[in-house]
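Undergrad: test case, fold it:
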Amino acid sequence: MTYNRLNSIFGCACGLVATFVYIATAEKTVSWWDCGEFIACAYKLEIAHQPGAPLFLLIQNIFSNLALGNAGKIAYWMNIGSACCSGLTVAFLFWTITALVKKVLKRAEQAPLAYFAQVFGAGAIGAMAFSFSDTFWYSAVESEVYAMSSLCTAVVFWAILKWEVRADQAGSDRWLIFIAFVMGLSIGVHLLNLLAIPAIAMVIYFRRAKEISPKGIFKALVIGILALGMILWGVIQWLVGIASKLDLLFVNSLGLGFGSGISFLCILLITGLVYGLYYSHKRKKYTLNTTILALCFVLFGYSSYTMVLIRGKANPSLNNNAPDNVFSFLGYLEREQYVKEPLLKGPYYDSQVVAVKNRTGYRKDESNYSPFTRIDKYEYDRETFFPRIYSQDASHRAYYRSYLQLKEGEKPQFSDNFKFFFNFQLGEMYARYFLWNFVGRQNDKQGYGTYTEGNWLSGIKAVDQWRLGGQYHLPKSQEHDPSRNTYFFLPLLLGIAGAVWLYRNNKAYTLVLTLLFMFTGLAIVVYLNQTPLQPRERDYAYAGSFYVFAIWIGLGLIAIVRFLKRFAQMRFALITGLSFALLAGPVIMAYQNWDDHNRSEKSLARDVARNYLESCEPNAILFTYGDHDTFPLWYLQEVEGVRRDVRIVVLSYLSGDWYMQQAKKSTYQAAGLPLTIPAEKTKKGVRDYIPFIDRQLTEAVDVSQLLQFVTSDDSAYQVQLASGELANYFPAKKLRLTVDKQAVLQNKAVPTAFEQAILPAMEWEIPTDYLSRSELTLLSVLENNHWDRPIYFSNMLPGDSKLGLDKYLVNEGFVSRLMPVAAADNDRESGTTSQLVNVDALYHNIMNTYRWGNSKNASYLDTDSFRFASMYARDIFGKTARLLLAKGRVKAAGEVAKKAYDQLPDRVYAMSDAINYADIIDSLYRSGQHQLAGKMLDRNLDYVADNMEYLHQLQMEKKNLSFEWNDIQTGVDSVDRYRDILLEANDADRLARVEALRRQYEQWYGLTE
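TA: Down below sits the predicted model:
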């Protein structure tokens, strides 16, 4: 059998094995984060968040059709789509490795069998190691863009190697045109693939250059970077920017219709490209001809973005940024919804704004484009080159000071930028992720610099003890944590051996792979310029560099065989090398990673989304914030058709004029928001932000009066800015809304138990110093709803996003309902918030409505599932049981506690679980379910005792504990709470154990009663 036939067979086999593994471990329904949005948008070809992924949506739409009309299977088939893309990535990685080995390894010097074993063995080991790596496996089993983006990277790098072999043949440059086309297509998936361009340029240079020189290498690198920049900014943004300027000229100055300037540019562009091809062909300028042709194919691929314009014009229910004209489309591509991080020049975190630079923007009106003034950038009193500690957010400022050990008021210096860059951005936000994949991972909890969460881990006790401490006193919860994966440095050492072997045998391709590794790793770190306290781990952004390292892992087999051949025969070297490399790479990675990457039994994301929607009364308005409390809900409504009568409104999107207008529109069975503010009063550039100017008003201002005041165009209600422009402001933070009690009762806006607590008016204070469209929307809804429709707020909303209405928000589980009531103390939560609670609704939801996936028996819950099933759910159960006990409803409290015992996870995941379980345990005791209470308490107490001993050991070994003290305090509080419960329950044996633990902790931590 020929080499090519064997290469194809083995490559396909690796890809199929990986695909089957991914399908077997894929989630059967929607996942967390962006997956819900992507599935919903792919199913109905809607507009996802900026800058979009139209090709990804189009391809996933094809996979959705394989569900054959079964709405409940659509998400699963889209997850299979990602699995197929990932399997193909593995196959192309195999062929990439074999191509490199074939190029470097001399076939004539060894027997055919030995040669084939090394080539195909290297390909299989590298490809399968990557397939079982932590980051890639995670993205392979969910409907996200990163699986397809990795495929694009794999294809283009494989293709340039195919070209390199055939470069002297006629027509070989068709491979370069193919690469350009894939690059253009990849823009419609994710921009990460473009980072391969400098490495591709280097391959072309090494193959075509007659003489290799440092100057030539540098020149090729610069050309590659320029080509990357030309596509990243020139094709994607500047081309649309030119179109916007031409359309502005044609519409506003020449009086032509919308799109006329775009049509002119298209004609001009096509004419120019055709002429360029004709000219270069006629004059035999081959390089110019190939370059123009490649540009044509990049544009062909980029044309997938016409889907965004076409569907944006159709105005579907999910239509981010409403890109139905050239200016909104440009804003969509430029990600104007998001804050831009400074790269080369920017402020320190303590810098003060000294000036604001504005620029003119344009919006589409009825017959032309209207100009408006928008903020371009801020100028600061202190700016620096290469800003890394720039965020003005209060929590970020505190983190910077703590991380850099700066005192309050001490100014950061230029060196602090680099300290943060190397230690945090490179160390924590890249190297840590890299080592997760090739050394091991402590657990999947998000790391914030503690010794106990999110670190890399080798499995070699001495090494891990030196870094993290406490390794000889690990609690069982850590030792048996499914997300604790240890590879003992073996994949890392194998990859380093492969890199060294390649360097010794082919320095050109060493440089190529190093460039690709750097551009998909270090360059992304520099470009993202990430702030601390990210909402999630960001390892998925660096999968390209892990892909490159997997190539070196494959080459590590050759390094081992070549080394062993010095001391033994080839047969022994091959068998030993293959066995070791197989075990050190794919086998140990698959064995360690399977249990925490198998998501086939998870359904919690879908169930949580359903819980949100089913918590709402018919025709409700539900205000959410984004991500977990929004995207899975969109999936349920758009794909499965669940509770389409509930109008979901994302508060964080309402700052955009486009979303405020969309919120007025009915979708499915849900009516639009009752907004009466005319569109022209809140269009882009008009009342983007309304500042607070204190007019010393002592009485609360009626909501309707405030809305009239802030939306008035009368100069009497405006102030003059430093620029001379007039702007609206709001003069009072104390607001009042008169309550029509009859309307409240008629619409059943409050439960029967709260009817006597209805207030004649609601009064509250706005917590912010400005009003955005989000606040204006809320105020207008309050003014015009007249209690016709129930209004809910997600309980995941940040405190300052609720307009200060907190005391009128009644907790009903996943959501809080707006009610004009002031109820008794036994209807309030304990603690600092003292929020009102509708305990009857909570009881009904827990006993009859809420579902929790299979979290009860799940051997593993990922971080996001734990957040809901372990922390959020226990809080809901415990709160309900506690309030029922306070009302004397002991039987009902016992039923809730029993439900918690039956449905919540058996495993204790964190110290916070222990104290969150306390109210459930108390309710079990008080309702006579002593056996269940004792069993639950023993389990939690075992966890507390085990972990407190570990934390004590950690305290003695590491003197700079930070967040670990929170766990220590929580453990002590849990023991104290259990002692109170056991005293009341008269459980003497367990009480004796708790008191012994309390005395032990007093001794360890110097605590007092």
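
Undergrad: isn't residue 430 up against residue 546?
TA: No: counting by C-beta atoms under 8 Å, residue 430 stays clear of residue 546, with 10.7 Å between them. (C-beta placed from N, C-alpha, C; glycine too.)

Undergrad: the more surrounded of these two?
TA: More crowded of residue 430 and residue 546, by other C-beta atoms under 10 Å: residue 546, with 25 against 22.

Undergrad: so which strand or helix has residue 445?
TA: Under DSSP states H and E, no helix or strand contains residue 445.

Undergrad: next, the contact list for the closest residue to it other than its chain neighbours, please.
TA: Sequence neighbours aside, residue 453 is the residue nearest to residue 445 in space, at 4.0 Å (criterion: C-beta to C-beta, 6 or more residues apart in numbering). Residues near residue 453 by C-beta atoms under 8 Å, 6 or more residues apart in numbering: 442-443, 445-447, 963.

Undergrad: got the buried residues for stretch 857-874?
TA: 858, 860-870, 872-874 (16 or more other C-beta atoms under 10 Å).

Undergrad: how does the protein divide into domains?
TA: Per automatic domain parsing, the domain ranges recorded for the chain read 3-309+488-597, 339-412, 601-837, 846-1009.

Undergrad: contacts only, for the closest residue to residue 232 other than its chain neighbours.
TA: Of all residues not flanking residue 232 in the chain, residue 194 sits nearest, at 5.8 Å (C-beta to C-beta, 6+ apart). If you count contacts by C-beta under 8 Å, 6+ apart, residue 194 has them with 183, 186-187, 228, 231-232.

Undergrad: okay, and which of these map to helices?
TA: 183, 186-187, 228 (DSSP state H).

Undergrad: ok, how many other residues are close to residue 743?
TA: Neighbours of residue 743 using other C-beta under 10 Å come to 13.

Undergrad: residue 697 now?
TA: Counted with other C-beta under 10 Å, the neighbours of residue 697 add up to 11.

Undergrad: which one is it nearest to, not counting chain neighbours?
TA: Nearest non-adjacent residue to residue 697, counting by C-beta to C-beta, 6+ apart: residue 732, 4.3 Å away.

Undergrad: need phi/psi at the one you found.
TA: Per-residue torsions, residue 732: phi -150, psi 150 (degrees, to the nearest 10).

Undergrad: would you confirm that it contacts residue 701?
TA: Yes: counting by C-beta under 8 Å, residue 732 does reach residue 701; the two are 4.5 Å apart.

Undergrad: more neighbours: the two, which one.
TA: Remark: of residue 732 and residue 701, residue 732 carries more neighbours, 21 against 17, as counted by other C-beta under 10 Å.

Undergrad: distance between stretch 519-537 and the chain's centre?
TA: 12 Å (C-alpha atoms, centre = their mean, to the nearest Å).

Undergrad: ok, residue 912 touching residue 973?
TA: No: applying C-beta under 8 Å as the test, residue 912 and residue 973 come out as separate, 10.1 Å apart.

Undergrad: which of these two has more neighbours?
TA: Ranked by neighbour count (other C-beta under 10 Å), residue 912 and residue 973 place residue 912 first, with 17 against 14.
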